[in-house]
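Asker: Please find the sequence and the predicted model below.
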Amino acid sequence: MIRPDLSLELPETIGSLHFVGIGGSGMSGIARMFVEAGHRVTGSDRADNPYIASLRELGVPVAIGHDAANLGDADTVVVTGALWEDNPEYQRALAEGRTILHRSQALAWLTRGRRLVSVAGAHGKTTSTGMLVTALRGLGEDPSFVSGGVLAGIELSAAPGAGDLFVIEADESDGSFLLYDTAVALITNAEAEHLDFYPDEEAYLDAFARFASAARELVVINPDDPGNARILERLGQRDPGATGPGGGATGPRIVTFGRGPDAQVRLLSARSAGGSVSFELAYRGERHAGSVPVPGEHNAVNAAGVFAVLTALGREPEAVLRALAGFGGTHRRFELRGEVGGVRVYDDYAHHPTEVDAVLSAARTVHPEGRIIAVHQPHLYSRTRIFAGEFAEVLEHRADQTVVLEICGAREDPEPGVTGELVSSRFDDPTRVSYQPEWDRAAQYVARISRPGDVVITLGCGDVYRIVPQVLDALRARSA
């Protein structure tokens, strides 16, 4: 895995660019932004996908497969953190002394001199970013944005805008969120994650505290989350609503949201039903009702955070709520991919026990009568080793049946004894789980156990979405 050098001074000029691993939703969005800014862009990736097809429509040449020759005469080489260091394109760039930027550094270069709104947190970043962009557009504004997922309705993960604000999803997984010159920071939560990068939970929370304290104008944070509460302690903030990190006159203004009685934007109630969630907020002594057309009470919390940001920036509460109602979700977040024989198949990016719990809980509100069949692809050997018990507990509690696939190792080397079976073996009731390391057999197994009214949900941030067509085909074959 290639880590960003947080001390690297960004170049004044960047010239033409080659993106190694251009096919990810985030990388493709950043590449698109450089194209829109007038730069010559090329790229490469190991497999074709719709993001690459979209870039080709813009005239971006993309090679499938990694080869040193793909670099051409690019001045700057942009790499994704998931890249292995022996990649031939990366190695050629090193050998020739070309400017090499981590994707986060390329994004930091794009956002220079802009009024930057950075959305950070262990969970909910992409959805909150999408809600924020959608609400701003609904308010008649034109923000630039770069998100980790494609926004439904807009059908883009990034776009330049003529407005004052530039909204980004700020990734904490490798410390790169510290690179950005953030004006407004929204922190959804800070549950310990990415302990393959951070040595321990304290280092993880310290990074969030540094991110928050560096915000030039505003920090919006939910102290209901224990990690966020500890971040506020690090900022010296024990009196929600006070100005400055210690309640004084220096540092960013801090605004809180959540269910707690002291939250400045307080979530009074939330009800998820029929694919949407309605909620009531208390703000400045008044009650405000709203809804967003995505399921799950966690999305009411996300909406409260976005409401807190926009009202703190001076937007009118009722106008913000009307604009939020236009949010259509993001791809790979409880995304319906098809229905065959009365079985609906969804895909979701959830890859942490807390996220899996939220998604499966939301699924129950949308489909209260049917069984839930979870297809879980563990992501990273380290995460699987650390959270195997928690994944098993959530899946057994929330799903009726679970199929566990093999681990998507992504940027990590395999660990002896760490496989998907580590999760399935931790179920108390072995009849409710099946470890299926081979995708063809997994798809056939899902089709065999499914019945009309059931909901199948693929879960994971790796390439588990690629099994969805196989599941749908197996369901069709069964129904024929």
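Answerer: Now that the structure is in, tell me what you want to look at. All values reported here derive from a predicted model rather than from experimental measurement.

Asker: where exactly do the helices run in this protein?
Answerer: 25-36, 50-57, 88-95, 103-110, 125-138, 201-213, 226-234, 297-312, 317-324, 353-366, 381-398, 421-424, 439-449, 468-479 (DSSP state H).

Asker: just checking, what packs against the fourth one?
Answerer: For helix 103-110, the helices and strands in contact under the criterion 3 or more CB pairs under 8 Å, 6 or more residues apart in numbering; DSSP states H and E are helix 25-36, strand 76-79. For the C-beta atoms, the positions are set from N, CA and C on the backbone; glycine is no exception.

Asker: thinking again about what came up before, rank the helices of the chain by pLDDT, which is bottom?
Answerer: Among the helices of the chain, helix 353-366 carries the lowest mean pLDDT, a mean of 87.

Asker: how far off helix 297-312 does that one point, in degrees?
Answerer: 100 degrees (axes from the mean of the first three to the mean of the last three CA atoms, to 10 degrees).

Asker: and helix 353-366, how far out from the chain's middle?
Answerer: 16 Å (CA atoms, centre = their mean, to the nearest Å).

Asker: which strands and helices sit next to that helix?
Answerer: strand 265-273, helix 297-312, strand 372-376, helix 381-398, strand 455-459.

Asker: May I see these arranged in JSON lines, with mean neighbour count and distance to Gly15 as well?
Answerer: Converted to JSON lines, these look like this (neighbours: other CB atoms under 10 Å; distance: least, CB to CB, whole Å):
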{"stretch": "strand 265-273", "mean neighbour count": "18", "distance to Gly15": "44"}
{"stretch": "helix 297-312", "mean neighbour count": "26", "distance to Gly15": "35"}
{"stretch": "strand 372-376", "mean neighbour count": "25", "distance to Gly15": "43"}
{"stretch": "helix 381-398", "mean neighbour count": "19", "distance to Gly15": "37"}
{"stretch": "strand 455-459", "mean neighbour count": "26", "distance to Gly15": "40"}
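
Asker: In JSON lines: the ones you listed, plus distance to Ala135.
Answerer: As requested, the helices and strands packed on helix 353-366 are exported to JSON lines (distance: least, CB to CB, whole Å):
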{"stretch": "strand 265-273", "distance to Ala135": "14"}
{"stretch": "helix 297-312", "distance to Ala135": "6"}
{"stretch": "strand 372-376", "distance to Ala135": "31"}
{"stretch": "helix 381-398", "distance to Ala135": "30"}
{"stretch": "strand 455-459", "distance to Ala135": "27"}
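
Asker: Can you list the residue ranges for strands in the stretch 51-200 of the chain?
Answerer: 62-64, 76-79, 99-102, 115-120, 144-151, 156-159, 165-169, 182-187 (DSSP state E, counting those that start in this stretch).

Asker: circling back to that earlier point, closest one to Gly258 among the helices and strands packed on helix 103-110?
Answerer: For the helices and strands packed on helix 103-110, proximity to Gly258 was assessed by CB to CB; helix 25-36 is nearest, at 27.7 Å.

Asker: quick one, that closest one and helix 125-138 angle?
Answerer: Using the same axes, to 10 degrees, helix 25-36 lies at 40 degrees relative to helix 125-138.

Asker: got the buried residues for helix 25-36?
Answerer: Using 16 or more other CB atoms under 10 Å as the burial criterion, the residues of helix 25-36 that qualify are Ser25, Gly26, Met27, Ser28, Gly29, Ile30, Ala31, Arg32, Met33, Phe34, Val35.

Asker: is it true that the last one touches Val41?
Answerer: So that's Val35. Yes: the pair formed by Val35 and Val41 meets the contact definition of CB atoms under 8 Å, at 5.1 Å.

Asker: Now do the shared contacts for those two.
Answerer: Leu55, Val60 (CB atoms under 8 Å, 6 or more residues apart in numbering).

Asker: Against Glu286, how distant is the spatially most central residue of the chain?
Answerer: In the chain, the centroid-proximal residue (CA atoms, centre = their mean) is Thr126; its distance is 4.1 Å. Applying CB to CB, to the nearest Å, the value for Thr126 to Glu286 is 30 Å.

Asker: ok, now Val219?
Answerer: 23 Å.

Asker: How about Gly329?
Answerer: Taken as CB to CB, the span from Gly329 to Glu286 is 28 Å.

Asker: Ala106 too?
Answerer: 43 Å.

Asker: So if I had to pick from Val219 and Glu286, which one is more boxed in?
Answerer: The neighbour comparison of Val219 against Glu286 (other CB atoms under 10 Å) goes to Val219, with 26 against 9.

Asker: per-residue pLDDT, that one?
Answerer: On the pLDDT scale, Val219 gets 97.

Asker: same thing with Glu335?
Answerer: For Glu335, the model assigns a pLDDT of 86.

Asker: ok, now which ones touch Pro416?
Answerer: Listed by CB under 8 Å, 6+ apart, the contact set of Pro416 is empty.

Asker: okay, it: pLDDT?
Answerer: 92.

Asker: And the one 3 residues further on, by the same measure?
Answerer: In the prediction, the pLDDT value recorded for Thr419 is 95.

Asker: what number of residues lie near it?
Answerer: Thr419 has 19 nearby residues by other CB under 10 Å.

Asker: Could you pull up the contacting residues of it?
Answerer: Neighbours of Thr419 in contact, by CB under 8 Å, 6+ apart: Glu406, Ile407, Pro437.

Asker: Of the residues you listed, grab the buried ones for PyMOL.
Answerer: This is the PyMOL syntax for the buried subset of those, where burial follows 16+ other CB under 10 Å:
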select buried, resi 406+407
